[in-house]
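# predicted model, plus sequence, below.
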Amino acid sequence: AVSVVKVDEIQKQGENNPVKALQGRVPGMNITADGNPSGSATVRIRGIGTLNNNDPLYIIDGVPTKAGMHELNGNDIESIQVLKDAASCALYGSRASNGVILITTKKAKKQGVSLQLDIRHGFSARGQGDYERMNANQFMETMWQGYRNQLISNGSSPEEATIATNNDIISKVGINIYNKADNALFDANGHLASDARILDGYKDDLDWYSPYTRNGHRQEYNLSGESGNEKSRIRFSLGYLNEDGYTRKSDFNRLSGSLNADFTPRPWLKTGLSLGGTHQKTNWDIGAAGSAQSNNLSNAFYFARRIAPIYPVHLHYTEDVFASDGSLLHSKGDYILNEEGGKQYDDGSESRSESDAASNGRHLLWESEKNKLWNAANTLQGNAYVDVSFLRDFTFSLKGNISLRNIEDSQYGNAEIGAYKDTGFISKIDQEYKEYTLQQLLAWKHQFGRHFVEWMVGHENYDYKLNFDAIQKKNESFPGIDELSNFTTTTYSEGYKDTY
């Protein structure tokens, strides 16, 4: 079975990866993605058939490739076809056992000259709000009731439990953000005092979500031109894509270019070539990269949901501070500023409760600013072909392809705050791919009245090379420098070559 997808509908969606736009358009095809701006996706056409690679085979302009589809500018695609049944194996061998996605790029029309500029802007936001959570007042009253009930369960009388809870509740939660003394914050029924108010310095510093997220913005610019006549057709395109993701440090940039040329110097001879290249860079927020750590404090969304609504983002004075002459220098709740006059993050070591000690030394925004996770990739692909017609019904085709890709994945963990505190961490993975394909095809086509017969015989040479190098180091010498030479101890090193 072959499914044909209308490319015009895909382009309306504004996906960075054109394959993601196939979701829901091809029966039996399942596509999952993690929502990051790079557009990376997992495609399953026949489900999971092996413990190894279940990805489909991608064919671009008749040549197999292992390149990711987010490296392809959707504006350059003419058509997409999906082969789902076992017949695809007869055409492409065992590589097609997981299905085949056929992509044909755009070519120039036979007549005329044209130039087109396409500019698109888009915005993204969270489609559904988060569930409702306790505010600071509700949290404090709940903690009061919980601690009092605990004391009663341990043998205290209700009166004794009430007195002890009023005296000890702040030591249990770790911080008092109100304008009342620690032992005067609650009445005998566990309600906040009627005149209790959150201090002005804390009011605008209890939101962990807003500083971390934003509305995404996508901008795409495509310039294409073409010229054609009976003997030659040439098309070029240049594209630039920039998308800022939902989290503040996530973004995707891609610069792409392509050239397609077809020539017919003689009626029996056709030849052509196509060149395409991309340069792209992806930044992830290290706390939002993937969902495998959704129950871990390194996951930013888990952290923001988990932390109590009384804990501030920045450091504040917990008591009034007076000068030697008795004048007030800083009021309780004022920000503690650094030497440059900037706010300082609170790692929770003094302000968070002992029962929440796991989050001490962790900070969603601080870690997000300091840590880095990024990917850079360069790709170059070239195709060339020659079709020779002879003896009326025979055609011999020679196709060649070269695909070069260099991918670098990097991660940096700072030594100031978080999982790599005091040591720091850096990881680099370099992958260099080289693919060469040469196809020789002989076809015969003949019309017998209302009958048509076609047969084809072919041979393919395929060469695949991968150079893989990975290294991890720790013990940072100078803060904030994400270079291998800035780390002194190697914890992991591996390299190998793979050929096929």
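Ah, there it is.
# residues contacting Leu438?
For Leu438, the contacting residues are 398-401, 460-462, by CB atoms under 8 Å, 6 or more residues apart in numbering. To be clear about C-beta, it is placed using only N, CA and C from the backbone, and glycine gets the same treatment.
# sec struct for it, please.
Assigned by DSSP: H, G, I helix; E, B strand; the rest coil, the conformation of Leu438 is strand.
# for it, list each beta-bridge partner.
Gly400, Asn461 (DSSP bridges).
# are any of the contacts of Leu438 buried, and which?
Applying 16 or more other CB atoms under 10 Å to the contacts of Leu438, the neighbour count classes 399-401 as buried.
# and of those, the nearest to Pro64?
The nearest member of the buried ones among the contacts of Leu438 to Pro64, counting by CB to CB, is Asn401 at 8.3 Å.
# what's the closest of the buried ones among the contacts of Leu438 to Ile45?
Asn401 (22.9 Å).
# residues contacting the closest one?
63, 65, 381-384, 435-438 are the contacts of Asn401 under CB under 8 Å, 6+ apart.
# go again using 7 Å as the cut-off
63, 382-383, 437 (CB atoms under 7 Å, 6 or more residues apart in numbering).
# neighbour-wise, give me the winner out of those.
Val63 (23 neighbours; other CB atoms under 10 Å).
# spit out the contact partners of it.
Shown in contact with Val63 (CB under 7 Å, 6+ apart): 383, 399, 401, 437.
# which pLDDT value belongs to the nearest residue to it once chain neighbours are set aside?
With CB to CB, 6 or more residues apart in numbering as the criterion, Val63 has its nearest non-adjacent residue at 4.0 Å, and that residue is Asn401. For Asn401, the model assigns a pLDDT of 92.
# how close does Asn401 get to Asp182?
From Asn401 across to Asp182, the span is 73 Å (CB to CB, to the nearest Å).
# turn the contacts of Asn401 into a markdown table, columns for pLDDT, distance to Trp444 and secondary structure.
Listed next are the contacts of Asn401 as a markdown table, based on pLDDT from 0 to 100; distance: CB to CB, whole Å; DSSP: H, G, I helix; E, B strand; the rest coil:
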| residue | pLDDT | distance to Trp444 | secondary structure |
| --- | --- | --- | --- |
| Val63 | 77 | 23 | strand |
| Gly382 | 93 | 29 | strand |
| Asn383 | 92 | 24 | strand |
| Thr437 | 91 | 23 | strand |
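# tell me the phi and psi of the residue nearest to Val321 when sequence neighbours are not counted?
Nearest residue to Val321, sequence neighbours excluded (CB to CB, 6+ apart): His330, at 4.1 Å. Dihedral angles of His330 (phi, psi; degrees, to the nearest 10) stand at phi -140, psi 130.
# mind listing the helices for the protein?
Counting by DSSP state H, the chain has these helices, from start to end: 7-13, 87-92, 136-153, 158-173, 200-203, 300-306, 364-370.
# nearest to Ser224, of those helices?
Set against Ser224 and scored by CB to CB, the helices of the chain come closest in helix 7-13, at 12.8 Å.
# got the buried residues for that closest one?
Result for helix 7-13 [16+ other CB under 10 Å]: buried residues 7, 10-11.
# looking at those residues, which is nearest Glu132?
Nearest member of those to Glu132, counting by CB to CB, is Ile10, at 37.3 Å.
# any figure for the gap between the closest one and Val4?
Distance, Ile10 to Val4, using CB to CB: 12 Å.
# Asp285 now?
For Asp285 relative to Val4 (CB to CB), the value is 38 Å.
# cool, and Arg392?
Where Val4 is concerned, Arg392 sits at a distance of 31 Å (CB to CB).
# neighbour count winner among these two?
Val4 (12 against 9).
# check contacts around the more buried one.
By CB under 7 Å, 6+ apart, Val4 lies in contact with Gln81.
# for it, name its beta-bridge partners.
Gln81.
# equivalent analysis for Lys428, please.
Beta bridges link Lys428 to Ser410, Ile471, judged by DSSP bridges.
# ok, it touching Ile471?
Yes - between Lys428 and Ile471 there is a contact under CB atoms under 7 Å: 5.5 Å.
# where does the stretch 301-450 of the chain have low pLDDT?
354-358 (pLDDT under 70).
# just the strands in it please.
With strands called from DSSP state E, counting those that start in this stretch, the stretch 301-450 of the chain shows them at 321-322, 328-330, 372-390, 394-413, 425-448.
# next one: the stretch 51-200 of the chain
Using DSSP E, counting those that start in this stretch, strands in the stretch 51-200 of the chain cover 57-60, 63-65, 77-83, 100-105, 112-124.
# okay if I get these as TSV plus distance to Thr278?
Formatted as TSV, those follow (distance: least, CB to CB, whole Å):
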stretch	distance to Thr278
strand 57-60	13
strand 63-65	13
strand 77-83	14
strand 100-105	13
strand 112-124	17
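# who wins for proximity to Asn16 among the ones you listed?
Evaluated with CB to CB, the strands of the stretch 51-200 of the chain place strand 112-124 nearest to Asn16, the distance being 10.9 Å.
# and that closest one, what does it pack against?
strand 216-228 (3 or more CB pairs under 7 Å, 6 or more residues apart in numbering; DSSP states H and E).
# kindly calculate the angle that the strand it packs on makes with strand 112-124.
Angular relation of strand 216-228 and strand 112-124 on a 0 to 180 degree scale: 170 degrees, by axes from the mean of the first three to the mean of the last three CA atoms, to 10 degrees.
# wait, doesn't Val7 sit right on Ser79?
Yes - in this structure Val7 lies within contact range of Ser79 using CB under 7 Å: 6.1 Å.
# how close does Arg362 sit to Gln472?
Counting by CB to CB - Arg362 and Gln472 are separated by 22 Å.
# do Ile234 as well
For Ile234 relative to Gln472 (CB to CB), the value is 48 Å.
# hey, what's Ala443 bridged with?
Taking DSSP bridges as the rule, Ala443 bridges to Thr395, Met456.
# so who does it touch?
So Ala443 contacts 395, 454, 456 (CB under 7 Å, 6+ apart).
# list the contacts for the last one?
It refers to Met456. Applying CB under 7 Å, 6+ apart, the residues near Met456 are 441-443.
# looking at the chain, which residue lies furthest from center?
Most distant residue from the mean C-alpha position of the chain: Gly449, 56.6 Å away (CA atoms, centre = their mean).
# which residues does the residue nearest to Ile234 when sequence neighbours are not counted contact?
Nearest residue to Ile234, sequence neighbours excluded (CB to CB, 6+ apart): Ala261, at 4.7 Å. Counting by CB under 7 Å, 6+ apart, Ala261 touches 234, 272-273.
# and for Lys372?
By CB under 7 Å, 6+ apart, the contact list for Lys372 reads 286, 411-412, 482.
# with Val43 instead?
Val43 is in contact with 19, 31, 55-56, counting by CB under 7 Å, 6+ apart.
# 8 Å - rerun?
Each residue near Val43 by CB under 8 Å, 6+ apart is listed here: 19, 22, 29-31, 55-56, 101.
# Glu476 too?
Glu476 neighbours (CB under 8 Å, 6+ apart): 414-415, 423-424, 426, 486-487.
# Throw the residues you listed into CSV and include neighbour count and distance to Asn167, thanks.
Output for the contacts of Glu476, formatted as CSV (neighbours: other CB atoms under 10 Å; distance: CB to CB, whole Å):
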residue, neighbour count, distance to Asn167
Asn414, 22, 40
Ala415, 20, 40
Thr423, 17, 41
Gly424, 26, 43
Ile426, 23, 48
Asn486, 17, 50
Phe487, 24, 49
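# fine by me, thanks again.
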